[in-house]
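Chemist: Got a sequence here, can you model it:
(chains A, B, C, D, E, F and G)
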Amino acid sequence: MFRNQYDTDVVTWSPQGRIHQVEYAMEAVKQGSTAVALKSNTHVVLATLNRADSELTSSLQKIFKVDDHLGIAASGLISDGRSLCKFMRSECLNHRYVYESAMPVTRLVREVADNAQVCTQRSWKRPYGVGLLVAGHDKSGPRLFYCCPSGNYYEYLAHAIGGRSQAARTYLERKHEEYPDASLDGLIGHALQALDQDFKELDEASLQPYIQALRDAEGGDGGGGADGAAPMES
Amino acid sequence: MFRNQYDTDVVTWSPQGRIHQVEYAMEAVKQGSTAVALKSNTHVVLATLNRADSELTSSLQKIFKVDDHLGIAASGLISDGRSLCKFMRSECLNHRYVYESAMPVTRLVREVADNAQVCTQRSWKRPYGVGLLVAGHDKSGPRLFYCCPSGNYYEYLAHAIGGRSQAARTYLERKHEEYPDASLDGLIGHALQALDQDFKELDEASLQPYIQALRDAEGGDGGGGADGAAPMES
Amino acid sequence: MFRNQYDTDVVTWSPQGRIHQVEYAMEAVKQGSTAVALKSNTHVVLATLNRADSELTSSLQKIFKVDDHLGIAASGLISDGRSLCKFMRSECLNHRYVYESAMPVTRLVREVADNAQVCTQRSWKRPYGVGLLVAGHDKSGPRLFYCCPSGNYYEYLAHAIGGRSQAARTYLERKHEEYPDASLDGLIGHALQALDQDFKELDEASLQPYIQALRDAEGGDGGGGADGAAPMES
Amino acid sequence: MFRNQYDTDVVTWSPQGRIHQVEYAMEAVKQGSTAVALKSNTHVVLATLNRADSELTSSLQKIFKVDDHLGIAASGLISDGRSLCKFMRSECLNHRYVYESAMPVTRLVREVADNAQVCTQRSWKRPYGVGLLVAGHDKSGPRLFYCCPSGNYYEYLAHAIGGRSQAARTYLERKHEEYPDASLDGLIGHALQALDQDFKELDEASLQPYIQALRDAEGGDGGGGADGAAPMES
Amino acid sequence: MFRNQYDTDVVTWSPQGRIHQVEYAMEAVKQGSTAVALKSNTHVVLATLNRADSELTSSLQKIFKVDDHLGIAASGLISDGRSLCKFMRSECLNHRYVYESAMPVTRLVREVADNAQVCTQRSWKRPYGVGLLVAGHDKSGPRLFYCCPSGNYYEYLAHAIGGRSQAARTYLERKHEEYPDASLDGLIGHALQALDQDFKELDEASLQPYIQALRDAEGGDGGGGADGAAPMES
Amino acid sequence: MFRNQYDTDVVTWSPQGRIHQVEYAMEAVKQGSTAVALKSNTHVVLATLNRADSELTSSLQKIFKVDDHLGIAASGLISDGRSLCKFMRSECLNHRYVYESAMPVTRLVREVADNAQVCTQRSWKRPYGVGLLVAGHDKSGPRLFYCCPSGNYYEYLAHAIGGRSQAARTYLERKHEEYPDASLDGLIGHALQALDQDFKELDEASLQPYIQALRDAEGGDGGGGADGAAPMES
Amino acid sequence: MFRNQYDTDVVTWSPQGRIHQVEYAMEAVKQGSTAVALKSNTHVVLATLNRADSELTSSLQKIFKVDDHLGIAASGLISDGRSLCKFMRSECLNHRYVYESAMPVTRLVREVADNAQVCTQRSWKRPYGVGLLVAGHDKSGPRLFYCCPSGNYYEYLAHAIGGRSQAARTYLERKHEEYPDASLDGLIGHALQALDQDFKELDEASLQPYIQALRDAEGGDGGGGADGAAPMES
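Modeler: Numbers count the residues shown, from 1 in each chain, chains lettered A, B, ... in the order given. The predicted model follows:
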């Protein structure tokens, strides 16, 4: 097949004008576990599905706090995600140092995307294999972006990425009219429900304990339970 | 086929004196969605077709403001386009700092093209996979250029690039005598009509709401609706 | 098979979104001998299975003291592990010099993982072929992490890595409820039992001499006998 | 065929002592459109065949002014030509700054050729794919050189390069005795006739409007009409 | 065979988690001539089998004095060994300059092993093809280490490496209980006997002249006779 | 054929201990046109066969003046030769600046050869494809050297290189006893005769005009006529 | 054959633990002409077989004076040898500058060998293709070494390298008891006889003229006649 000829190298175009290695890297996001994000007029919530292999281990941390006003949820190659997170933290720190203010969400998202783009144009690198849901707030309220391995980014009201995220996305679309005016608890409930689409419908009652646990842990980095949801107040 | 032998590397000439990788990168522009640009004696308008995947997401931004007198519309690998946009903004800023005036459109276009040329002559890079419609104005009035992945650029009265741009180009050529003296609203109307060739002929009335919306958003960066048109006054 | 096409290079994605070279490097950990770690509320114990080839030789050192509050046990390519150990010692030293305090375990683990991640994204390097069990204590008590060649890390209550570690893991899971309140001697006993799953059940009496020997050697670097167990008091 | 074995790399000699990649790059010049240059005792004229794709676009600029006394016409990969032009402009500027005089044509031509030679001896570059007709004047009068992708250069009385240049060269040779004493208008006429060999014989009358147009535009950079001819007075 | 696919490159893992190039480099040690080392409570002795090709030549030097308290015997690619020896000398010198004391044997051995490890993780290098027996003494008495091309090192009471070293190792193990209390002459005798296993049993008398010769040459660098044995007093 | 396996790379030895790429580069010299050099006790003369493609062009310059006392004639890839010439000029200039005297011919020749040698030992370069006849004079009188792409150089009384140089060499050897005491005109005559061996025997009379022309042009750089001969007085 | 798989690259080990490229480079020495060296108690003599291609040329210089007390004879790729010679001269010069004394022969030989070793461990270089006979004297009298492309070196009483050196070595071994007390003339005679083994036995009388010629040229660099022998007095 000619396909194989052009797909081993990120600096090689296929005759159809595609860079297969970038497309393959986007597949890596689908290999990750589901991550969900949605926002109301006042809050934005990140949630990931963290399954621990055994009772002896914590699960892999997939939600990272970048700055006081900004957090990310990663799906795919989490070590790549952590590397990008480190870059974001450093950018935010520098911004605070130079301008004495929080880095605007859009600017940071653009920096991350530019960083990812560079990895798609150097022969000795590879595209990042991680998708990032970036949640933050700035003067226009809560913001939610998705940064893709290709170096593109999109703004979302609600989004789900990772393996089996189709069901979550369907849930999010079906209920999206309820989000803008939802309370924080409501948002978290929706996030948990979206994550849970693979399993069963949770009723309000069964969600309550999780929400309560998160309430208590608020301010932490959300990587403790089977599901991690990091609410960010705007 | 011998063809495959010479087309995996940007620093390899084919026996016919062609660099296939550059040609493949130009195919990437055709993979993008349609972008349209046209100018009158006083204005130049950029418009792109932005389809959002769902109700929950904004579409990918494809029109970027570079400086007060200059904007671009990209088709193809938008992350490559954003990377070039970043370069252009930095060039404009430097020019303003050094010369205390806006960077001439032609000079900036040349810088971008030189930048693209370098990527066609280094083994560890790849040609950019994006076509840019650059609109700006200088003392000779509104200018419109097309920057190609090969490192060439062309001046246009009106042009359309990206997938299915053939219909748009046909429309633009058929009506081009009307552009020089068209009003801004007229230009926008033509741009929207050109973009819309794949679908159906819009009558003046159905265009009105879009134009009105744009009027209201004038000064913004044009990435809001399903179609974005960024008028630049000369 | 297409499989071979994408698995000779760490900067090449397979069409399924996997980096085979990273997966192969994780196989290297399974080639190493078993390493076991578990923690109580007050102590964390590292133990490795060290077989000497003959009476004339000491076995390869697999447990390294990094700082006063931190030690690692490696399984896989021990020379890679030593290289990472050197890096960790230097980081701890710098931290003590700059902040006049011990480096937090989580921060160091993150540095190691970031270091490993870089090796998975440069064409002229290869992923580390070693798994590290990192044991330390900070203000929240004893901590235990596993750093994987992929650049991921996980927190554990008890874990076993390396060849034939399955039996050890089964043992550790079966008994894990006893650990939190176990004494140091008890922990060491469990560690030795876990290591010994391939052979036979040791009764308390036959363990006693080893524990006694370790007691005597406490403070040393644990690489003397057939089994090395480095207890770290919190 | 063994031929393919030695022709994918600019740092590989074929057993016959040839560098095929350089030869292939020279083919690129033949892919370009025709460029013509000729000189009298007082003037040297550059002309290129510029076909615009449609009424909406200007054609690609192929004649560049380098300095007050020097211009070039390119055929082949025009973006490569522009890159060399940029280099030439910078060299001329430096010369003026250091020596307060115009850079001698021969020295500049040598610099360009040396630049091209380097690209034929580095594995991570490729030979330039453009032929340059360099026209200038120095104290010995008007000069005309051809710079080849191989890094060689030749002085000419009159030359034509690019696709279908054979007919133009035949015309130039047949009439070359008339050039030394020709007037500027005469030279331009010959240039236009040479360019036009592919089509039909132009009579003096039909040439007049083009010449007149050029007269008017004299001092400009000659990229306006369907044919561009840049006369340089010595 | 798939085996060949993963074994031409030191930065490529095989699917089984092995780096074949490192294993091949270890084969190089077996291509060298036998080197033997053993220690008593007070001395450590290095001996190599040096066969001269003719009466006109000295044999290749395989035992190197690194510092007053430290020497090495190499087997395999002796030029690689000399390169490492140079590195060790420089390290010892620096240590003496900075700390005004002899470099501890273990620290130097670790530096050498780290150096070797780096060569197993860079695509533009190759693993060293030499095994080093490092003999020295520090405050705990005589020490003996073996540094392997893989970057691992082991402490030994007595060891033999190189081609046909199996017979020597068998001899060393059979007699190892005699070493701790052996005199220097006794140790040398054992070393020569071990080296000689390939040929015949030497009786005490026939060893005497060699020992006497070494006695006389003590302090030299031991590369003179057919067998070189460098005793190091602790 | 195994031959092909070792001949695409300048850093690869063939099993026979040859570097085929260097041999191929020497073939390039044979692709060039003939260059001839010979010396008497007082003069050394360089001559090359320059055929112009048409009446409109000068031929490629193949004889270069390096310094007042030194010139070269190149055969093969003339652009490579020009690059070496530039290097030689710079060396001579530096020598004059530092030592206030002409650079000795032998030292310069050695520098050139060392430069060529480097190109035979780096994977990202290729051997120069040009042979240089270096003529100069120092205190021992006129000197004549041949610098080969392999990095070797030879001193000659008379030599001819390039395509069809065999006939010229035969002529030079047959008449070599006449050279030491020949006049400048006589040397030039011999040079022209040697160049002309492919065609016919020239009689003294028919040579006269060329010699006269050269006489007139003496001091120039000898690239004017169909044959260029640069006499250097010692 | 698997052989071909591992022998195109100097950083690739064969499964047998060999680096074929280094072995191939040693073949290059056998491609050179014979070089002979032998020493008495007071002198060391270098001689090479220099055949000139014709009466018009000097032969390639193969014996180089490095410093007043040191000279080398090369066989194989002479341009590589010259490059090493340049390195040796620079080392000797530096030594004289820093220590105000001649560089010890053994130290210089070690530097050369280390230099050669580096070329066997970098992917972008190749092993030197030249064998060097290094003759010098220090306080222990005349010294003679052979430096091999592999980075090894050997001390010799007398040695011959290059093509057809077997006969010379046989001669040298047969007569080696005569060397220690031989006069300079005697040594030179032996050297010439050894070189001449391929042809016929020379009697004392026929050698006399050569020796006389050398006597006269003593102090020169020995590259004049058909055979060059450079005596070095200790």
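Chemist: Stretch A:164-182 and chain B in contact?
Modeler: Yes. Judged by CB under 8 Å from any CB of the partner chain, stretch A:164-182 comes into contact with chain B at A:169, A:172, A:173, A:176. Bear in mind the C-beta positions are built from the backbone N, C-alpha and C, glycine included.
Chemist: Let me fix that, I meant to ask about stretch A:115-124.
Modeler: Yes. Residues of stretch A:115-124 contacting chain B under CB under 8 Å from any CB: A:116, A:117, A:118, A:120, A:121, A:122, A:123, A:124.
Chemist: Now, of these, which are buried?
Modeler: A:116, A:117, A:120, A:121, A:123 (16 or more other CB atoms under 10 Å in any protein chain shown).
Chemist: Can you say which two of the residues you listed are spatially most distant?
Modeler: Using CB to CB, those span at most 16.2 Å, a distance reached by A:116 and A:123.
Chemist: for chain A, which strand is longest?
Modeler: When chain A is parsed with DSSP state E, its longest strand is strand A:130-138.
Chemist: Centre of the chain to that one, how far?
Modeler: A distance of 6 Å separates the centroid of the chain from that of strand A:130-138, by CA atoms, centre = their mean, to the nearest Å.
Chemist: if I look at residue A:85, how far off is residue A:61?
Modeler: Per CB to CB, to the nearest Å, residue A:85 is found 10 Å from residue A:61.
Chemist: ugh, wrong one, residue A:124
Modeler: Residue A:124 sits at a distance of 29 Å from residue A:61 (criterion: CB to CB).
Chemist: Now for the spatially most central residue of chain A: which residues touch it?
Modeler: With distances taken as CA atoms, centre = their mean, residue A:133 lies nearest the centre of chain A, 2.3 Å away. With contact taken as CB atoms under 8 Å, 6 or more residues apart in numbering or on different chains, residue A:133 is in contact with A:35-37, A:46, A:72-75, A:144-146, A:159, A:161.
Chemist: which one among the buried ones among the residues of stretch A:115-124 next to chain B gets closest to chain G?
Modeler: Lowest distance from chain G to those (CB to the nearest CB) belongs to residue A:123, with 16.0 Å.
Chemist: Just read off the phi/psi values of the closest one.
Modeler: Recorded main-chain torsions at residue A:123 are phi -70, psi -20, according to degrees, to the nearest 10.
Chemist: got a list of what it touches?
Modeler: Counting by CB under 8 Å, 6+ apart, residue A:123 has contacts A:9, A:10, A:11, B:123, B:124, B:125, C:123.
Chemist: count of residues packed around the third one?
Modeler: To tie it back to what came earlier, the one meant is residue A:11. 23 (other CB atoms under 10 Å in any protein chain shown).
Chemist: who's in contact with it?
Modeler: With contact set as CB under 8 Å, 6+ apart, residue A:11 has these partners: A:121, A:122, A:123, B:10, B:124, B:125, B:126.
Chemist: Which of those residues fall in helices?
Modeler: Judged by DSSP state H, the subset of these located in helices is empty.
Chemist: State the distance from the closest residue to chain G within chain A to residue C:12.
Modeler: Residue nearest to chain G within chain A: residue A:124 (14.1 Å; CB to the nearest CB). Going from residue A:124 to residue C:12 by CB to CB gives 12 Å.
Chemist: With residue A:13 instead?
Modeler: From residue A:13 across to residue C:12, the span is 16 Å (CB to CB).
Chemist: tell me which parts of chain A are close to chain B?
Modeler: A:2, A:5-6, A:9-19, A:110, A:113-114, A:116-118, A:120-124, A:146, A:150-152, A:154-159, A:169, A:172-173, A:176.
Chemist: PyMOL command to pick out the buried ones of those residues?
Modeler: To isolate the buried subset of the residues of chain A next to chain B in PyMOL, counting by 16+ other CB under 10 Å, use the following:
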select buried, chain A and resi 6+9+10+11+12+13+14+15+17+18+19+110+113+114+116+117+120+121+123+146+150+151+152+154+155+156+157+158+159+169+172+176
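Chemist: list the contacts for the residue nearest to residue A:113 when sequence neighbours are not counted?
Modeler: Leaving aside its sequence neighbours, residue A:113 sits nearest to residue A:153 (CB to CB, 6 or more residues apart in numbering or on different chains; 4.7 Å). Contact analysis of residue A:153 by CB under 8 Å, 6+ apart lists A:109, A:110, A:112, A:113, A:134, A:145, A:146, A:147.
Chemist: excluding its backbone neighbours, what's nearest the fifth one?
Modeler: It stands for residue A:134. Closest to residue A:134 by CB to CB, 6+ apart is residue A:145, at 4.5 Å.
Chemist: Tell me the predicted confidence for that neighbour.
Modeler: Listed pLDDT for residue A:145 reads 95.
Chemist: Could you do the one 3 residues further on as well?
Modeler: With respect to pLDDT, residue A:148 has a value of 94.
Chemist: Isn't it up against residue A:129?
Modeler: No. Using CB atoms under 8 Å, residue A:148 is not in contact with residue A:129, being 11.1 Å away.
Chemist: need the next SSE after the longest helix anywhere in chain A, C-terminal direction.
Modeler: The helix that spans the most residues within chain A, counting by DSSP H, is helix A:78-99. Next along the chain after helix A:78-99, taking DSSP states H and E as the criterion, comes helix A:105-118.
Chemist: Just give me how far that following helix sits from the chain centre.
Modeler: Chain-centre distance of helix A:105-118: 14 Å, with CA atoms, centre = their mean.
Chemist: Let me see the contact set for residue A:174.
Modeler: Counting by CB under 8 Å, 6+ apart, there are no residues that residue A:174 touches.
Chemist: Okay, and it sits in which element?
Modeler: Here residue A:174 sits within helix A:165-175, counting by DSSP H and E.
Chemist: Beyond that helix, next helix or strand please.
Modeler: Under the assignment DSSP H and E, the closest C-terminal helix or strand after helix A:165-175 is helix A:184-195.
Chemist: what helices or strands is that following helix leaning on?
Modeler: strand A:35-39, strand A:43-49, helix A:165-175, helix A:204-217, strand A:227-233 (3 or more CB pairs under 8 Å, 6 or more residues apart in numbering or on different chains; DSSP states H and E).
Chemist: Is residue A:159 in a helix, a strand, or coil?
Modeler: Reduced to three states with DSSP: H, G, I helix; E, B strand; the rest coil, the structure at residue A:159 is strand.
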